[in-house]
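Chemist: Here is a sequence together with a model predicted from it:
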Amino acid sequence: MIPEIGHYALVLALLLAIIQGTLPLAGAARRNTAWMEAGRVAAFGQLALVFIAFFALMWAYVVSDFSVLNVVQNSHSQKPMLYKVAGVWGNHEGSMLLWVMMLGLFGAAVAGFGRNIPPTLKARVLGVQGLIGVGFLLFILATSNPFIRVLPAPPDGNDLNPLLQDPGLAFHPPFLYLGYVGFSVAFSFAVGALIEGRVDPAWGRWVRPWTLVAWASLTLGIAMGSWWAYYELGWGGWWYWDPVENASLMPWLAGTALLHSAIVVEKRDALKTWTILLAILTFSLSLMGTFLVRSGVLTSVHAFAVDPKRGVAILALLGLATGGGLLLFAMRAHVLKVGGLFAPVSREGALVLNNLLLSVSTAVVLIGTLMPLVLDAFGHKISVGAPYFNFITPFLAIPLVLAMALGPFLPWKRADLAGVLGRLWVVALFTLAAVMVALWLQGVRPVMALVGIGLAAWAFIGAFWEVADRVRLFRIPLGESLTRAGGLPRGAWGTALAHAGMGIAIAGMIGTSFWLTEDVRVMAPGAKATIAGYELTLEKVEQGRGPNFTTEMGYFTVRTLNGDMVGTLTPERRWYPVARMPTTEAAIHTTFFADLYAVLGEPSADGRGWVVRLYHHPLVPWIWIGSLVMVAGGLLSLSDRRLRVGVPQRRTASLPTAIQPAE
Amino acid sequence: MSPHTKHRLLLLLPFTIFLVLAAYFAIGLTGDPSKLPSNMINKPVPEFALPGLDGGPGLASTDLKGQVRLVNIFASWCAPCRVEHPLLVRLAREEGITIHGIAYKDKPVDSQAFLDSLGNPYTSVGSDRDGRVGINFGVYGVPETYVIDKEGRIRYRHVGPLMAYDMDEVILPMLRELAK
């Protein structure tokens, strides 16, 4: 019964979405307040209905209702509860349901929080959100219904892919989707503004919190995914340039660009046309990210052949959203008034450079991900992989990071580059010191590693020096500086934190990419191995049982070369009988400066021991620490008073921009 | 052309690019799927001779005759390869299927470490460091698996990681059929 309620709720949600997608748009055109108001009510109703559908499916998973096909295919009665719940979105149908639930959340949030948005713009934004909802709900009901029953019900399910039965991956999709769907609000604001024919600084301010939420969630989602790849795939790699990963990187890059160009709209009333275009493209890439991963089209063009109905529906949805948005852009963008002018060397100029580099990066990833697929469909064979990306990355990353630390020092409109560079000598000094330390610890080769550490230090120190510079640290009494620091807008601290986090993450990426040590050997119980200043002893290997797997666990004791006890490592090899799949569970000892990483492999061919892989990953935890710091920066910015408190719809002319906090 | 018209045309550019891409995709992806798998189907494997890993036997196109077998293209840097690998090991050990590996754009040391830790299902492995042989096979991305018949012709291409389903429903029946 409950699955039927869920199904029925979805149908009702579709009907409500149709109302939400039409009435407010028509109401805004005809200045009909009641019709516009209908959008708000529909948005709340929408949320309630998709919630019911989502929890109906979750209930079927929790009680293991094997009369529901989706549960049979992705769950098992012996599966731990956490993964029963996470199994809801561990498959195509359920993840689409999660998607519309997020869409409902954002729609209701716009309806509830957007009190100071002009009623016509708000109605249009909600209307566009409604149209997106129509597309997705139709798609789910027509091609991906998670509530289909199966009769007679099988006694037990097929279990979820054991690689996915992991806490890191259980929460990876919700954050990723929160990011993807969050960008739908930016898209709706862009489309709304195109219909209105007006973009002003207030628009920049309204669109920013949504972009920030989406960006922070996406950052967290991607970081969780790469963390999972790091510890679960048993290799210690954290990024594979896999098409599935690239699909989430593209909206992140475009979203990062959008986040920055929206600042220019807000502060300087410039770059408006470009920002609108970016908002449309970012959401299009989010849609592509959602679909390409789920449709399987990236691993195989045959995915469309397997289920052509779904494939064509996906293409149609993507085409309508992207094509519709871009067509509207082509028809209406000329109405937007050109805003403030600025010199090439200025804060705006730096942000344009940021946007240019991020857009090119997005294009590079897009080409690398899709080109082989497109050409393959036409019978040409090319191959693009990690080597292509690894070759191009430095050319884009180096100028991007150099400008990242420099940009916030530049004043708006026009800057004196020589003067700003003069203020950066402290940053340059510390950067040089960091490179010297790296040189002393790791030697001169590879040179790229030293360049990378320099960049990381430049970004990190630059971020803090910018705050120090602003509060005139060491130039005025310390107490006065602290008062100034307290008075800085949270947005300024957010920028500094996010930029510093990027620096930390870069250091982590460089450390593990260039200074990794690894050792593969056969070890029998009692054998010792040394790696990177540690001595590991394999004490024993034991068999054990988990809830839905059997396991073989190696017990290592870790000592320093002097014999001081450091700890134990217990890597596992698991076997999931239902899914007939083994997994490796790596054991990691972290010092926060480096990880010692051990994997228990197969028994050796001669039966005398086990193949053991040991890795020492310098700085690798910093990738995720840095990502968390970036997320914290985003959230701090989000809590900025300007974005929370009602702001006037238009800045009055008498308010001089000079006293605006310049960030 | 007035600056105004120029501006309007510029605004039309994103949509135009989108249309071209969309058309390209629509033709490419909704065309006859039976033609898509590979234009190498039913053709002899491309000629090649690759060195082995770590002193092991190499792999050449001439080795691929006389018996039905699988050629699996993998790389140590490829995550889906890890996912499908246990299945290959099981196939080789339990089903007794001959599988040859081609290590695609991978350092031989890394490929060897990959096999040492996850098990080696391959009768022989060829190291395709620059990826030329892979491209001649028509590889889009790793992993890919090819079914080769007794005459050394490619009969089937599987793109992406092999799952138990693909094995049981497609590959194993096909191998049995071809072995007759």
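Modeler: Happy to help now that I have it. Since this is a predicted model, take the numbers as computed values, not measurements.

Chemist: And what about the residue of the stretch 501-650 of chain A found nearest chain B, helix, strand or coil?
Modeler: The minimum distance from the stretch 501-650 of chain A to chain B, using Cβ to the nearest Cβ, falls at A:Gly601 (3.8 Å). Placement of C-beta: from N, CA and C, glycine included. Following DSSP: H, G, I helix; E, B strand; the rest coil, we place A:Gly601 in the strand state.

Chemist: I figured it was touching B:Asp116, is that so?
Modeler: Yes. Applying Cβ atoms under 8 Å, one finds A:Gly601 in contact with B:Asp116, separated by 7.0 Å.

Chemist: Please enumerate the shared neighbours of these two.
Modeler: A:Val611 (Cβ atoms under 8 Å, 6 or more residues apart in numbering or on different chains).

Chemist: Flag the shaky bits of chain A, pLDDT-wise.
Modeler: Within chain A, the stretches with pLDDT under 70 are A:235, A:293-308, A:373-384, A:580, A:641-663.

Chemist: residues contacting the spatially most central residue of it?
Modeler: Closest to where the C-alpha atoms of chain A average out (Cα atoms, centre = their mean) is A:Leu218, at 2.3 Å. A:Leu218 makes contacts with A:Phe175, A:Leu176, A:Leu178, A:Gly179, A:Tyr180, A:Gly182, A:Ser248, A:Pro251, A:Trp252, A:Gly255, as judged by Cβ under 8 Å, 6+ apart.

Chemist: Secondary structure class of it, three-state.
Modeler: Classified using three-state DSSP, A:Leu218 is helix.

Chemist: Kindly tell me how buried A:Asn161 is, as a neighbour count.
Modeler: Per other Cβ atoms under 10 Å in any protein chain shown, the neighbour tally for A:Asn161 reads 18.

Chemist: wait, doesn't it sit right on A:Met581?
Modeler: Yes. Taking Cβ under 8 Å as the definition, A:Asn161 is a contact partner of A:Met581 at 7.1 Å.

Chemist: quick one: low-confidence parts of chain B?
Modeler: Judged by pLDDT under 70, chain B has its weakly predicted residues at B:1-4, B:25-39, B:140-141.

Chemist: which residues of it fall in helices?
Modeler: In chain B, the helices defined using DSSP state H lie at B:3-30, B:79-90, B:108-118, B:132-137, B:164-166, B:172-179.

Chemist: Make CSV out of those helices and add distance to chain A.
Modeler: Converted to CSV, the helices of chain B look like this (distance: least, Cβ to the nearest Cβ, whole Å):
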stretch, distance to chain A
helix B:3-30, 3
helix B:79-90, 5
helix B:108-118, 4
helix B:132-137, 5
helix B:164-166, 6
helix B:172-179, 14
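
Chemist: from the middle of its chain, how far away would the helix or strand containing A:Gly221 be?
Modeler: Under the criterion of DSSP states H and E, A:Gly221 resides in helix A:201-232. Put simply, helix A:201-232 sits 5 Å off its chain's centre (Cα atoms, centre = their mean, to the nearest Å).

Chemist: and it with helix B:79-90, angle?
Modeler: 30 degrees (axes from the mean of the first three to the mean of the last three Cα atoms, to 10 degrees).

Chemist: And helix A:201-232, what's buried?
Modeler: Neighbour counts over helix A:201-232 (16 or more other Cβ atoms under 10 Å in any protein chain shown) mark A:201-232 as buried.

Chemist: got the angle for the helix or strand that comes right after that helix vs helix A:201-232?
Modeler: Next in sequence after helix A:201-232, counting helices and strands by DSSP H and E, comes helix A:243-268. Relative orientation of helix A:243-268 versus helix A:201-232 (the same axes, to 10 degrees): 150 degrees.

Chemist: Mind checking if helix A:243-268 is in reach of chain B?
Modeler: Yes. Legend: contact between helix A:243-268 and chain B by Cβ under 8 Å from any Cβ of the partner chain is shown at A:Pro243.

Chemist: Give me the helices and strands touching that helix, please.
Modeler: helix A:172-196, helix A:201-232, helix A:272-295, helix A:347-377 (3 or more Cβ pairs under 8 Å, 6 or more residues apart in numbering or on different chains; DSSP states H and E).

Chemist: Pull the distance from that helix to the chain's centre.
Modeler: That offset, for helix A:243-268, works out to 11 Å (Cα atoms, centre = their mean).

Chemist: Same question for stretch B:69-85.
Modeler: 9 Å.

Chemist: Kindly format the C-alpha coordinates of that stretch as PDB.
Modeler: Extracted C-alpha coordinates of stretch B:69-85, given in PDB (Å, rounded to 0.1, in the frame of the first residue of the first chain):
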ATOM      1  CA  ARG B  69      39.400 -16.400 -25.800                       C
ATOM      2  CA  LEU B  70      38.900 -13.000 -24.300                       C
ATOM      3  CA  VAL B  71      41.200 -10.000 -24.600                       C
ATOM      4  CA  ASN B  72      40.800  -7.600 -21.800                       C
ATOM      5  CA  ILE B  73      42.100  -4.000 -22.000                       C
ATOM      6  CA  PHE B  74      43.000  -2.600 -18.600                       C
ATOM      7  CA  ALA B  75      45.200  -0.100 -16.800                       C
ATOM      8  CA  SER B  76      46.300   0.200 -13.200                       C
ATOM      9  CA  TRP B  77      45.100   3.900 -13.200                       C
ATOM     10  CA  CYS B  78      41.600   2.900 -14.100                       C
ATOM     11  CA  ALA B  79      39.000   2.500 -11.300                       C
ATOM     12  CA  PRO B  80      36.400   0.500 -13.200                       C
ATOM     13  CA  CYS B  81      39.100  -2.000 -14.000                       C
ATOM     14  CA  ARG B  82      39.400  -2.700 -10.300                       C
ATOM     15  CA  VAL B  83      35.700  -3.300 -10.100                       C
ATOM     16  CA  GLU B  84      35.700  -5.900 -12.900                       C
ATOM     17  CA  HIS B  85      39.000  -7.500 -12.000                       C
END
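
Chemist: Against chain B, how distant is the residue nearest to the centre of chain A?
Modeler: 20 Å (Cβ to the nearest Cβ, to the nearest Å).

Chemist: Kindly report the same for A:Pro344.
Modeler: Counting by Cβ to the nearest Cβ - A:Pro344 and chain B are separated by 20 Å.

Chemist: Number of residues surrounding A:Val50?
Modeler: 32.

Chemist: Please parse chain B into its domains.
Modeler: For chain B, automatic domain parsing gives the domain ranges B:3-33, B:37-179.

Chemist: swap in chain A?
Modeler: A:1-165, A:166-336+A:344-408, A:424-515, A:517-618.

Chemist: Can you lay out these as a markdown table showing distance to B:Tyr122?
Modeler: What follows is the domains of chain A, written out as a markdown table (distance: least, Cβ to Cβ, whole Å):
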| stretch | distance to B:Tyr122 |
| --- | --- |
| domain A:1-165 | 22 |
| domain A:166-336+A:344-408 | 19 |
| domain A:424-515 | 28 |
| domain A:517-618 | 14 |
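
Chemist: what helix or strand is A:Leu473 on?
Modeler: Applying DSSP H and E, one finds A:Leu473 in no helix or strand.

Chemist: Confirm for me that it is in contact with A:Thr483.
Modeler: No. Look at A:Leu473 against A:Thr483 with Cβ under 8 Å: they stay out of range, at 12.0 Å.

Chemist: ok, these two, which is more surrounded?
Modeler: A:Leu473 (17 against 12).

Chemist: ok, the most centrally placed residue in chain B - contacts?
Modeler: Nearest to the geometric centre of chain B sits B:Glu144, at 2.4 Å (Cα atoms, centre = their mean). For B:Glu144, the contact set (Cβ under 8 Å, 6+ apart) comprises B:Asn72, B:Ile73, B:Phe137, B:Arg157, B:His158, B:Val159, B:Gly160.

Chemist: From B:Lys6, how far out is the first one?
Modeler: What that stands for is B:Asn72. For B:Asn72, the distance to B:Lys6 equals 54 Å [Cβ to Cβ, to the nearest Å].

Chemist: what's in contact with stretch A:444-460?
Modeler: With contact meaning Cβ under 8 Å, 6+ apart, stretch A:444-460 is reached by A:394, A:397-398, A:401-402, A:404-405, A:427-428, A:430-435, A:438-439, A:442, A:499-500, A:502-504, A:506-507, A:509-511, A:513-515.
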